[in-house]
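J.: need coordinates for the following:
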Amino acid sequence: MRVGFYPGTFDPVTFGHLDIIVRASALFDRLVVGVAVNEGKRPLLTLDERIGTVRQETAGLSRGAAIEVVGFDTLLVRAVRDHGATCIVRGLRAVSDFDFEAQLSGANRRLAPEIETIFLLASEEQRTTASRIVKEIARLGGAIDKFVPRNTASLVLSKLRDGAT
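T.: Below is the predicted model:
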C-alpha cells in the first residue's frame, strides 16, 4: 500500500491546500493529512478546530486514496513513520518556497533516508493563496471566500470577532 503524508499547519485550510490534497490523493492508496501543532506560528485556530475543518473540507474530495486527517506534535519523520507513510508531500507556490522546502527535504532525508519527499506545484489559480495572507485579509475586513471554503471562512471570521489575535 502506497501511503503519503501531507503535513502543514492548515491555519486555516485553503483552496490551495485542498488542491494539493486532491492531486496527492491520486498518487497514493492512503493519504494522511498531518495537522501540525506548531505553536511557533501562533495559530489563530486551535489544533482541534484545524483538524475539524480539514476533515470537513476533505470529505468526498479524494481521487482514489483514503484520506485520513491527524494531528501531530512530533518530528515530522516520526509522524510519517508512525502513520506507515513512506513519502512526504509538499506543495510549492513559488521559487521562494522551493529554497526552504529543499532545506527541509534534505534534513528529513538525513534523518530518515527511507522516506521520500515529493513536491507538487500549486495550481496556477492557487499560487497566491497562503494562510497567513488569508488571515491578514480577514483581520482587515476583506472577503476571504475566494481563498477558503465557506465553513472555514465562517470559523475564521468568528474567531476574529471573538477577539482572537
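J.: starting at the chain centroid, how far to the worst-scoring helix or strand of the chain on mean pLDDT?
T.: Counting by mean pLDDT, DSSP states H and E, the weakest-scoring helix or strand in the chain turns out to be helix 95-111, with a mean of 91. Between the centre of helix 95-111 and the centre of its chain there are 16 Å (CA atoms, centre = their mean, to the nearest Å).
J.: what of stretch 86-106?
T.: Distance, stretch centre to chain centre, for stretch 86-106: 13 Å (CA atoms, centre = their mean).
J.: who touches it?
T.: Here stretch 86-106 makes contact (CB atoms under 8 Å, 6 or more residues apart in numbering) with 2-7, 16-17, 19-20, 24, 27-28, 31, 76, 80, 108, 114-122, 126-130. No exception for glycine: its C-beta is placed from N, CA and C like everyone else's.
J.: can you pull the poorly scored residue ranges out of this protein?
T.: Applying pLDDT under 70 to the chain flags the ranges 164-165.
J.: residue ranges for the helices of it, please.
T.: Taking DSSP state H to define them, one finds helices in the chain at 15-25, 47-58, 76-82, 95-111, 131-139, 150-161.
J.: in the least confident helix or strand of the chain, what counts as buried?
T.: Residues of helix 95-111 classed as buried by neighbour count (16 or more other CB atoms under 10 Å): D97, E101, S105, N108.
J.: okay, the last one and F5: tell me how far apart.
T.: Relative to F5, N108 is positioned 11 Å away (CB to CB, to the nearest Å).
J.: now the common contact residues for these two.
T.: Shared contacts of N108 and F5 (CB under 8 Å, 6+ apart): L76, I88.
J.: centre of the chain to stretch 149-165, how far?
T.: The chain centroid and the centroid of stretch 149-165 are separated by 18 Å, computed with CA atoms, centre = their mean.
J.: how about the nearest residue to I133, chain neighbours excluded?
T.: F147 (7.7 Å; CB to CB, 6 or more residues apart in numbering).
J.: so what's that neighbour up against?
T.: T14, F15, G16, T129, I133, V134, I137.
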